[in-house]
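Undergrad: fold the following.
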Amino acid sequence: MVTSDAVAMLDQTHDFIELHDGEIAIIDPDKVQLFDADGNETAREPFHLDIDASETDKGTYPFYMLKEIDEQPIVIRHLIEKYLDNEGGVHVGQAILNDLKAADRLYIVAAGTSYHAGLVGKRLFEQWAGVPTEVHLSSEFAYEQPLLSEKPFFIFLTQSGETADSREVLQNVNAQGFKSLTLTNVEKSTLWREATYALPLLAGPEIAVASTKAYVAQVALQAILAYAIADRATLGFDLEQDLSKIAVGIQGIVDDKETLQQVANQYLVESRNAFFIGRGVDSTVSLEAALKLKEISYVQAEGFAAGELKHGTLALIEDGTPVIALITQAKTAGLVRGNLAETQARGSRAYTIVTQSLAKEGDDFILPDVNELLSPLLSVVPTQLLAYYTSLGRGLDVDRPRNLAKSVTVQ
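TA: Numbers count the residues shown, from 1 in each chain. Got it, this is the predicted structure:
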């Protein structure tokens, strides 16, 4: 059997042979022969993927996506257990920490949902650790490399570890002799093997095309890395405690999913388009929220910084247009409310997702208060459920949206 993603074949085998670029495989019932680009036979030992195949079963869930949304509190707890301890220690490998600290600039390279997670990571590395950080789409970076700093360090975010554009960038990075770290959900995947370092996201198999728990794992693991290289005395918080609080908060949200199903039915199922707005780190969650909605429900959705409304998007607001505002940042809460009011004056149907300390009378979905830069771990969850229930309400296949694939192995 041949596959582009080993997870897809776990019910058949846990042992795999990687086919390198330019190679040819001749597969017989009892053997596999490999030949290089020059026709010379070569040998390669299989690698073993230690994943429980039962983790890929839906169980009692109607769709994988709902199961994977519900698993997010467990994902956070797995990351805490693996990388943190209750004495403030971080366990990711000293060599990784040394190279992160030695870098004068970090370059996060990713695509799709992973790119949105990287936008959160940029804020974590810059505001906690004081390290300048750039985030790049792998499909752009691969063919138009920006000017690099003297001591760059590259972080690749990828759920599958097989994203073709990201691999193209990694090969270029390796050719230039730069250090790299892959954060992926699939150990021994291509980007895992070819990077200088690799760390597992520990999210477990993610089967639905629309990524949910891998996003949460990517944000949380970047937070752990930023915390590890920061001056923790000046941060003034314990990340292990904060992430534990977030795991509890996510559980509360998924336990209230019926509320979000009603909102999806009232606001989104019959809508042609929808907008998500926020400022600061909330604007990055708006991008991810819009992507989730559009990719599985086919609602034309946009997410952007709320201050950009007046630079064009207000022209698209008409009676009944859903506008969902994310409000988790104290210094910009009033500004987002003002932007939302501008859309309401033009007939929008407004909905707010807001943290408890910033909530006002009339707000809709209230999140518990958490560290503001970690708020995406909470605020993204109701938007995932809104996307899920909108797709469900439209009678669509939530797990397998049209024209999309889980592992993007073409450029």
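Undergrad: point out where the stretch 1-150 of the chain drops to low pLDDT.
TA: Within the stretch 1-150 of the chain, the stretches with pLDDT under 70 are 1, 4-12, 14, 18, 20-22, 29, 37-41, 43-55.
Undergrad: ok, 80 please
TA: Applying pLDDT under 80 to the stretch 1-150 of the chain flags residues 1-23, 25-56.
Undergrad: show me where it has helices.
TA: Taking DSSP state H, counting those that start in this stretch, the helices of the stretch 1-150 of the chain run over residues 64-70, 72-83, 94-102, 112-129, 138-141.
Undergrad: just so I know, which of those lies nearest residue 288?
TA: Between residue 288 and those, the shortest gap by Cβ to Cβ is with helix 112-129, which sits at 4.1 Å. For glycine as for every other residue, the C-beta is placed from the backbone atoms N, C-alpha and C.
Undergrad: next one: the closest one to chain centre, how far?
TA: Distance, stretch centre to chain centre, for helix 112-129: 10 Å (Cα atoms, centre = their mean, to the nearest Å).
Undergrad: and the angle for that helix with helix 94-102?
TA: In terms of direction (axes from the mean of the first three to the mean of the last three Cα atoms, to 10 degrees), helix 112-129 departs from helix 94-102 by 70 degrees.
Undergrad: and residue 280, how far from residue 129?
TA: Residue 280 is 18 Å from residue 129, where distance means Cβ to Cβ, to the nearest Å.
Undergrad: typo on my end, residue 355
TA: Residue 355 is 24 Å from residue 129, where distance means Cβ to Cβ.
Undergrad: check residue 348 too.
TA: Residue 348 is 38 Å from residue 129, where distance means Cβ to Cβ.
Undergrad: between the two, which has more neighbouring residues?
TA: residue 348 (22 against 19; other Cβ atoms under 10 Å).
Undergrad: what's the closest non-adjacent residue to the more buried one?
TA: Distances taken as Cβ to Cβ, 6 or more residues apart in numbering place residue 323 nearest to residue 348, at 4.3 Å, with adjacent residues excluded.
Undergrad: can you list the residues that contact whichever strand or helix holds that neighbour?
TA: Using DSSP states H and E, residue 323 maps to strand 322-327. Outside of strand 322-327, the residues within contact range by Cβ atoms under 8 Å, 6 or more residues apart in numbering are 267-268, 271, 273-278, 282, 285-286, 289, 306, 317, 333, 336-337, 339-340, 343-344, 348-355, 358, 363, 379, 383, 386.
Undergrad: please redo it, this time with the cut-off set to 7 Å
TA: 267-268, 271, 274-278, 282, 285-286, 333, 336, 340, 343, 348-354, 358, 379 (Cβ atoms under 7 Å, 6 or more residues apart in numbering).
Undergrad: do I have it right that residue 206 meets residue 214?
TA: Yes. Taking Cβ atoms under 7 Å as the definition, residue 206 is a contact partner of residue 214 at 5.2 Å.
Undergrad: give me the below-cutoff pLDDT ranges for the stretch 301-411 of the chain.
TA: For the stretch 301-411 of the chain, the ranges with pLDDT under 80 are 403-411.
Undergrad: change it to 90
TA: Of all residues in the stretch 301-411 of the chain, those with pLDDT under 90 make up the ranges 310, 312-315, 402-411.
Undergrad: so what's residue 208 up against?
TA: Contact analysis of residue 208 by Cβ under 7 Å, 6+ apart lists 63-65, 68, 398-399.
Undergrad: nope, residue 400 is what I meant
TA: residue 209.
Undergrad: ok, it to residue 207 distance?
TA: Relative to residue 207, residue 400 is positioned 10 Å away (criterion: Cβ to Cβ).
Undergrad: please apply the same query to residue 347.
TA: Distance from residue 347 to residue 207, by Cβ to Cβ: 40 Å.
Undergrad: and the two? which has more neighbours close in?
TA: In this view residue 347 and residue 207 are compared by other Cβ under 10 Å, and residue 207 has more residues nearby, 19 against 11.
Undergrad: and for the residue lying closest to that one once chain neighbours are set aside, the neighbour number?
TA: Among residues not flanking residue 207 along the chain, residue 64 sits closest, at 4.2 Å (Cβ to Cβ, 6+ apart). Counted with other Cβ under 10 Å, residues neighbouring residue 64 total 22.
Undergrad: repeat for the one 4 residues further on
TA: Counted by other Cβ under 10 Å, the residues lying close to residue 68 total 27.
Undergrad: wait, isn't it in contact with residue 214?
TA: No. Applying Cβ under 7 Å as the test, residue 68 and residue 214 come out as separate, 8.5 Å apart.
Undergrad: let me see the domain layout of the protein.
TA: 6-53, 64-245, 256-392 (automatic domain parsing).
Undergrad: between those domains, which gets nearest to residue 404?
TA: The closest of the domains of the chain to residue 404 is domain 64-245. By Cβ to Cβ, the value is 5.1 Å.
Undergrad: what about that closest one, distance to the chain center?
TA: Relative to the centre of its chain, domain 64-245 is centred 10 Å away, using Cα atoms, centre = their mean.
Undergrad: any idea which helix or strand carries residue 154?
TA: Counting by DSSP H and E, residue 154 is part of strand 152-158.
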